[in-house]
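Asker: here is my input, please return the structure:
(chains A and B)
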Amino acid sequence: MITDIWTIMWKEIKELLTQRGRFRGGGAGMLIFIGVFGIFMPLQFGRSWVDSPAGLIYWAWIPFLLVSSVVADSFAGERERHTLETLLTSRLSDRAILFGKVLAAITYGWGFTIFSILLGLITVNVAFGKGQILLYPATIGLGILVLSFLVAGLAATLGVLVSLRASTVRQAQQTFTVAFFILFVPMFLLPMLPPAWLARIGQLLTTANVEVIASAVAVLLLIVDSGLLAIALARFKRARLILD
Amino acid sequence: MNTIAIRTQQLTRNFGAVRAVDGLSIEVPAGIVFGFLGPNGSGKTTTIRLLLGLLEANSGGAQVLDYDTRTQAEQIRQHSGALLEQSGIYERLSAADNLEFYGRVWRMPPAERSARIKELLTHLGLWDRRNELAGNWSRGMKQKLAIARTLLHRPSLVFLDEPTAGLDPVAAAALHEDLTSLVAREGVTVFLTTHNLAEAEKLCQQVGVIRQGRLLATGTPDQLRAQAGGPRLEIIGKGFTPQVIQQLQAQPMVSGVQVNNSHLTIQLRETKETAPLVTLLVGAGAQIEEVRKGKANLEETFLALVEEK
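Answerer: As a prediction, this is how the structure comes out:
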């Protein structure tokens, strides 16, 4: 099955790069993105670009944005362009198709994130290194890699789940946005908690170890990612994909 | 492999209250082009989806290449190729990449894959344009590419769903030629759905006619023609008066007579000697310019079948 997953990934990434490789097909946006996160912001932040634990937050969010810009297309795009049924008449298993599409979206989002991280590191070292090599502290670096991967996974599994049933890419994007807000409803409800609870949470966050919080978030993300993937697999029915 | 490529028994599929395929029982011998004819919405595409195991039947069953469509759909898809109503070409990829992708899907070794892609694209006259984005191609070229994709992994059975729909006559004729030569060369069984009767007449050794999900008739085009119309005599001339027609209808070999201006069609029960009929007409005062012996074409047969039942 690994070969089949890789085959789907090959096609997805090739299509993405062909489309995005064109300036008007999203290539301009990607260049701006890489310029901002790989050059402009590291120059603005200086050494703190690699020292600060805040890196965990923004590097975790960037793959979400990248993946969400492409994942709605995964099934809805194939349906809209009338290529889905032909794909489903092939020998590929349901799992290979689904995992291939999820992993392709993750690879795209996480890949560009890693590329931007490396470019940012080069920028900081060239501009502020003064003969020293500046690197992320090991725990922050590892945290960034793990969290950004799991967040890319969150966007990919949620996006594929939505895209499975959407008849057009636009509809998938709209549903994805709504689903994204629903996932974050608990955060919007946070300010409504009693002041004493809020104070307690605030105290916990300020006193807790960054590594502990990052680990807890990673475990939570892993559970959510796995759950969404399991739901997507359960909803992957060839007959419904053709008739929807 | 069995000599029967496709066998269905009382295959039935409903969509809500609509019965798309209704008790379909057919046998398609291996190695032939089988035409599945029917008007739009008659259940042709649903039948293909059932045979590929993409849809489940509500009742009845089917075996394709000796595999059961309910339990062995993956094996069926492994050994068959399908060109559906839409070509299914990835327009953001080049022609070569489209075939490269499906070559990988069918797990063809890289060297064999490259050789086969070159062979098919060369045969279809597309090799020189293999690196162009397929999205920039004409519909006819995309359809040719889709045929190359369908035959890429040398399947033993190919489903072609309206392969020439939407093509101009020149492109359709070119595609017919390509299909005929490829099918002859590859020796595959073809299950072809179409409502283009001329196409079926040209390509198919056997046909089945379906309407509203029900099989109306099946057999070779000749058998169907015989079933629907039989032999006939077409005469162009003047003086086909009611008295002449009455005399003709009284002849034992004549089963029906129709007059349309100067065109007289005599339906025959048998293709024996027809000269006495001409002599009778001349004797009765008709002026004859042209006499032609013939059979109903598949289109007339199809219309007769569809209207009759």
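Asker: stretch A:96-103 vs chain B: in contact?
Answerer: No. Using C-beta under 8 Å from any C-beta of the partner chain, stretch A:96-103 never reaches chain B; the gap is at least 9.3 Å. All C-beta spots, glycine's among them, are computed from the backbone N, C-alpha and C.
Asker: quick one: contacts for the single nearest residue of chain A relative to chain B?
Answerer: Distance from chain B to each residue of chain A (C-beta to the nearest C-beta) is smallest for residue A:86, at 2.7 Å. Counting by C-beta atoms under 8 Å, 6 or more residues apart in numbering or on different chains, residue A:86 touches B:82-84, B:86-88, B:146.
Asker: show residues contacting stretch B:194-205.
Answerer: Taking C-beta under 8 Å, 6+ apart as the rule, stretch B:194-205 contacts B:32-40, B:162-165, B:172, B:176, B:179-180, B:190, B:192, B:207, B:220-221, B:297-299, B:302.
Asker: let's see which of the contacts of residue A:86 end up in helices.
Answerer: residue B:146 (DSSP state H).
Asker: ok, so of the contacts of residue A:86, who is nearest chain A?
Answerer: For those, the nearest to chain A is residue B:88 (2.7 Å; C-beta to the nearest C-beta).
Asker: how about the contacts made by that closest one?
Answerer: A:82-83, A:85-87, B:146, B:149.
Asker: which strands and helices lie in contact with the top helix by length along chain A?
Answerer: Determined from DSSP H, the single longest helix within chain A is helix A:94-128. Of the remaining helices and strands, those touching helix A:94-128 by 3 or more C-beta pairs under 8 Å, 6 or more residues apart in numbering or on different chains; DSSP states H and E are helix A:2-21, helix A:27-35, helix A:41-45, helix A:48-51, helix A:55-68, helix A:73-80, helix A:138-165, helix A:210-235.
Asker: just to be sure, residue B:267 is in a strand?
Answerer: Yes. The assignment for residue B:267 by DSSP: H, G, I helix; E, B strand; the rest coil puts it in a strand.
Asker: what's the burial count for it?
Answerer: 16 (other C-beta atoms under 10 Å in any protein chain shown).
Asker: where does pLDDT dip in the chain?
Answerer: If you meant another chain, say so; for now it's chain A. Residues of chain A that meet the criterion pLDDT under 70 lie in A:20-26, A:205, A:244.
Asker: switch to chain B, that's the one I care about
Answerer: Applying pLDDT under 70 to chain B picks out residues B:1-2, B:227-230, B:271-272, B:295-298, B:304-309.
Asker: got the domain boundaries for it?
Answerer: B:4-225, B:230-295 (automatic domain parsing).
Asker: for PyMOL, what selects the buried ones among the contacts of stretch B:194-205?
Answerer: Typed into PyMOL, the line below selects the buried ones among the contacts of stretch B:194-205, using 16 or more other C-beta atoms under 10 Å in any protein chain shown:
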select buried, chain B and resi 32+33+34+35+36+37+38+162+163+164+165+172+176+179+190+192+207+221+298+302
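Asker: please list the members of the contacts of stretch B:194-205 that lie in helices.
Answerer: B:172, B:176, B:179-180, B:221, B:298-299, B:302.
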